[in-house]
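>>> Build me a model:
(3 chains)
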Amino acid sequence: MPSETPLLSTEDLKVYFYGRDKISRAVDGVSYHIYPGETVCLVGESGCGKTVSALSTLGLIPSPPGKIEGGRIVFKNRDILTLDDAAMQKIRGDQISMVFQEPLTSLNPVFTIGDQIGEAISTHEMIGQEALDARCIALLKDMGIPSPEQRLKDYPHQLSGGQRQRVMIAMALACNPDLIIADEPTTALDVTVQAQILNLIKSVQERDSMAVLYITHDLGVVSGIADRVYVMYAGLIVEEGDTRQVFGNAVHPYTRGLLASLPNRKKRGRRLHNIPGTVPNPAYKPEGCPFHPRCSYRVEDCKTVLPHMIDLDEGHRTRCPVMA
Amino acid sequence: MMEKPLNENTEILDAPQAPKVSRFVQGFRLFNQNRMAIVGLVIFVIFFMTAVAGVVLTSGQDPVFNPALVRLQEKLLPPFSRPNLETLKAHEAPTLGIYVLGTDDLGRDVLARMLQGAWVSLTVGFVAVGIAVVVGIFMGGLAGYYGQGGVRYDQILAVLLLLSGIISFFIGWVRLGGGLFLVGILCFMLSLAAGYANKSHLVPTWLRKIAFSFDTLIMRMVDIMLCFPSFFLILTVVALLPASIYNIMIVIGLTSWMGTTRFVRAEFLSLREQDFVSAAKALGVSNFRIIFRHMMPNAIAPVLVSSTIGIATAILTEAGLSFLGFGVPPPYATWGNILSDGKRFIFDAPWLTFVPGVAILIVVLCFNLFGEGLKDALNPKLRQE
Amino acid sequence: MISFIGRSIVQKSITLFFVSVVSFLIIHLAPGEPSQVDPMNPKFTPEMVERFQKEFHLDEPLYVQYLYFYRDLFTGKIVSWKDNQSVLSKIWERFLNSLPLFIVGTLLTWTLSFPVGIRSAIHRGGIYDRSATFFSYFLISIPGFFFAYILIILVVRVLHVPVIGMETFGMGDAPWPNLFMDRIWHLLIPSVLGATGGIAVLSRYVRSQMLEVEGQDYVRTARAKGLPPDQVHYKHALRNALLPFVTMFGLILPGLIGGSVIIESIFSWPGMGRMAYEAILARDYPIILTVNFLSAVLVLVGTFISDMLYLAVDPRIRL
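Residues are numbered from 1 along each chain as shown, chains lettered A, B, ... in the order given. The predicted structure follows:
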């Protein structure tokens, strides 16, 4: 683990959504950090708050219902939560970019690909049209899109799902950001395309020594690409560590349940394991440890006391006093 | 990989849940958020009660408020003026002691006329929209659900033969007429058999093709109706027919079904493809039941919204027709009537225009607000649970 | 593309045909005779009535009348029953009167609705939005002529601006800038009146479209790229939100013939709406039917233009 300062350090972030008569605590005290050049995965099921924490990094939380209620996000030694929108605009796309889950709806249907990629560049740099086009073509080529010159004039609906996602990634990479946040970029795609996209991200990252925050619910993906992993449940981190530690030596019952649910050859013919119960509604979270209603290792205290993170090994921490 | 649990405790506890609310309660709550919609609803209720009270208080031989009583000596008195009791007979004095809203050019109590008119305006609105909605749902449902079915060529042929047979018969070409008619009957029977008795081989394939589907038919009818500028059409028909309140209601209704048809058709078309319909069919549920129990509740939302706004429009249209002289004829009073009668005295007796004008404004406003509130409440995209 | 145009034209022609039949039937099946022909009307001797009937083929069966009517219409020879003048020239003359009203009204409506609607959407829930919403509801709900009278009273009493008719009587010899200003004054109130209702409805629609688009994923992407808010709203969001309005553009066309009967009556404006109204009163069938026919033509042409515009503007639709 490099002992440099982290590129991005989210500390005790709290993001709440205010409804008519309830408060949805989507992110309830989450801390993670990312060092330059490394790949960090944020893992969890739908509704655990991973997308919300990513969006907060870019200041994209819709403000009437949502509010950042606490914490800091320190990027390159500045707390970017304190920045106003104009200052954030300079960071977005240029130093931190994001790739979203649904490439079809995330691209504007009435503008060409060239237009949209070009925009990502021209917002942050002064550049002439010809140079701009050349950069776009180079980017598309990098992404492995055939005949990039023609593609510039195409509209999003004319491309396949995989190609669209490559375009999204091209847009995110256009200004050589220090950090890319990828929010389930392959969930909407076929498995074969998924592998291609993952390889693409990895190769770009190695070439440009970019940090990647990869958000997913798919543990198979995590084991393939992550340096370090954070497991999220109900708005909290429940386990963190490097990949080897978390996958080989999982401590928290939730993590263990997730890993045990993965089908593999050895389990053929037997019933698959599942974690009984359902993910809690962020507005109606149980008292104490949020996982306790579904946990087989629960003791009395679990129902009332919210546990802290406990250090296990070097860098390996968990939020379960029972199993630690 | 999993160790044995510390305690054999595999029971799942109940996690706290969001309170379960039905769709109606959700919608109701959403509606409550919209203050303007609540105001609209409240005003509507007040209006409704006033209208009902109005009918009761102004009808019959000796009503509490008499809208038809002419007192020429008391004409054009401003609101809150006292009656000149010396010139009036005992029963002619206004009920509340003063002319609350003034009198019109015939000395009639404006308050009484407004009370009477409330019910009539309300009725015109509701009946007109009721007709439009019934026609619209029928046409839209037919187009949306049975749209693929249609009139076949062989059916057309049979009908043509029958008709021409009958016409020729009556013109005088008896034998030709009779012959055509008989051939027509034959074709008709063959069509019926082919269509409903599964004996399709009786009619050649090229004749069994659908000439035009119900969907096309109904949509073309909608297109045709939309080519007529609506106010003109209403005006034309109302001007050409004898003046009567029923004519007006029917005409307004029959010229505003097109929107509802489109909504219902669109909803049915999209719902028809959804899985729950296939599931119901697979379970053997009859078509009728599918339509009424499963699809209709979903399709009702836009219809409901457009109905409330439609009532508002109908009331405004009636006012417009009255202005041009084609409104509901006397002795009925409608707010439109009163408003248009008052236009001659706009400078001398402005209350004759203001009172009904403001009243119409408030009521129509409340319907519009209520309709928009409904739209937000029923909009599935806005529901958050 | 060509086949689409061809099919469109054929379909619309068929619709037009049916419209002509339906309108013909409506007029002729209504009870009562045209006043000119009413045997009860004391102004006409029986001989005149008979001559009138012969001249306008009123004694022949309906389908023959139908054919005569449309033959006359297409050859331009159609003639009003009231005063024997050519219908087409009468319509044209009144049309020219209605045109300025229509143009100014439409311009006002379209140029004011968009800024109001867009601003309401971007600053949703703020003071601007709430007041704009309130006014919109107010304007939609007020009976047209009531509002007209209020405006007239206000304008005449307070501003002393002439209001009735197209120009002030007796201004014939005045220098042309005065004439011009006079015309403008007279044009002002009726157009504003016509426009207010339109602005209320259209701005609400603009607002709701903008709101829907602002919630879309691609707007979020635009922000995530670091685009300034102006670009996000006016380039990315607006371009998509405007799509349905481009098609509405084609549908303004029918408004040409519509003309508002009510507004023209109040202001004694000699326009198409009033002509049609007077024709209805007098049962002047040729005028009624011609206006109807032209209006249908305009609706169909307008729809056609809308379809074409939609094809041109939305890259997702290519035939």
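>>> shaky segments in the stretch 201-319 of chain C?
Residue ranges of the stretch 201-319 of chain C with pLDDT under 70: C:258-259, C:318-319.
>>> Tell me the residue of it that sits nearest chain A?
residue C:226 (3.5 Å; Cβ to the nearest Cβ). Every C-beta, even on glycine, is put in place using the N, C-alpha and C of the backbone.
>>> I'd like to know how many residues surround that residue.
As a burial measure, residue C:226 scores 24 neighbours (other Cβ atoms under 10 Å in any protein chain shown).
>>> Which of the three states applies to it?
At residue C:226 the chain is in coil, as set by DSSP: H, G, I helix; E, B strand; the rest coil.
>>> residues in contact with it?
Applying Cβ atoms under 8 Å, 6 or more residues apart in numbering or on different chains, we find residue C:226 in contact with A:89-94, A:120, A:123-124.
>>> Look up phi and psi at it.
phi 90, psi 20 (degrees, to the nearest 10).
>>> Tell me how far the residue nearest to residue B:329 when sequence neighbours are not counted lies from chain A.
The spatially closest residue to residue B:329, leaving aside those adjacent along the chain, is residue B:243, at 4.3 Å (Cβ to Cβ, 6 or more residues apart in numbering or on different chains). The spacing between residue B:243 and chain A, counted by Cβ to the nearest Cβ, to the nearest Å, is 51 Å.
>>> Residue B:243 reaches residue B:326, doesn't it?
Yes. Between residue B:243 and residue B:326 a contact is recorded at 6.9 Å, counting by Cβ atoms under 8 Å.
>>> Show me which of these two is the more surrounded one.
With neighbours defined as other Cβ under 10 Å, residue B:243 and residue B:326 compare such that residue B:326 has more, 24 against 15.
>>> Could you report the pLDDT at the closest residue in space to that one that isn't next to it in sequence?
Setting aside the residues directly before and after it, residue B:326 is nearest to residue B:238 in space (Cβ to Cβ, 6+ apart), at 4.8 Å. At residue B:238, the predicted lDDT confidence score is 80.
>>> What count of nearby residues applies to residue B:238?
The number of residues packed near residue B:238 is 22, by other Cβ under 10 Å.
>>> Which elements pack onto the helix or strand hosting it?
Assigned by DSSP states H and E, residue B:238 belongs to helix B:230-240. The contact analysis (3 or more Cβ pairs under 8 Å, 6 or more residues apart in numbering or on different chains; DSSP states H and E) places helix B:230-240 against helix B:245-254, helix B:296-323, helix C:2-29, helix C:261-266, helix C:272-282, helix C:285-313.
>>> at 6 Å what do you get?
Contact analysis of helix B:230-240 by 3 or more Cβ pairs under 6 Å, 6 or more residues apart in numbering or on different chains; DSSP states H and E lists helix B:245-254 as its packing neighbours.
>>> Can you point out the buried residues in the helix it packs on?
Neighbour-count burial for helix B:245-254 flags B:245, B:247-254 (criterion: 16 or more other Cβ atoms under 10 Å in any protein chain shown).
>>> Counting by contacts, list what that helix packs against.
Looks like helix B:245-254 contacts helix B:110-145, helix B:230-240 (3+ Cβ pairs under 6 Å, 6+ apart).
>>> Quick one: work out the angle between it and helix B:230-240.
150 degrees (axes from the mean of the first three to the mean of the last three Cα atoms, to 10 degrees).
>>> how far does helix B:245-254 sit from the chain's center?
Centroid displacement of helix B:245-254 relative to its chain, using Cα atoms, centre = their mean, to the nearest Å, is 11 Å.
>>> picking up where we left off before, with distance to residue C:194 and pLDDT added, can I get the buried residues of helix B:245-254 in JSON lines?
Formatted as JSON lines, the buried residues of helix B:245-254 follow (distance: Cβ to Cβ, whole Å; pLDDT from 0 to 100):
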{"residue": "B:245", "distance to residue C:194": "29", "pLDDT": "83"}
{"residue": "B:247", "distance to residue C:194": "28", "pLDDT": "85"}
{"residue": "B:248", "distance to residue C:194": "25", "pLDDT": "86"}
{"residue": "B:249", "distance to residue C:194": "28", "pLDDT": "89"}
{"residue": "B:250", "distance to residue C:194": "29", "pLDDT": "89"}
{"residue": "B:251", "distance to residue C:194": "24", "pLDDT": "88"}
{"residue": "B:252", "distance to residue C:194": "22", "pLDDT": "89"}
{"residue": "B:253", "distance to residue C:194": "27", "pLDDT": "90"}
{"residue": "B:254", "distance to residue C:194": "27", "pLDDT": "89"}
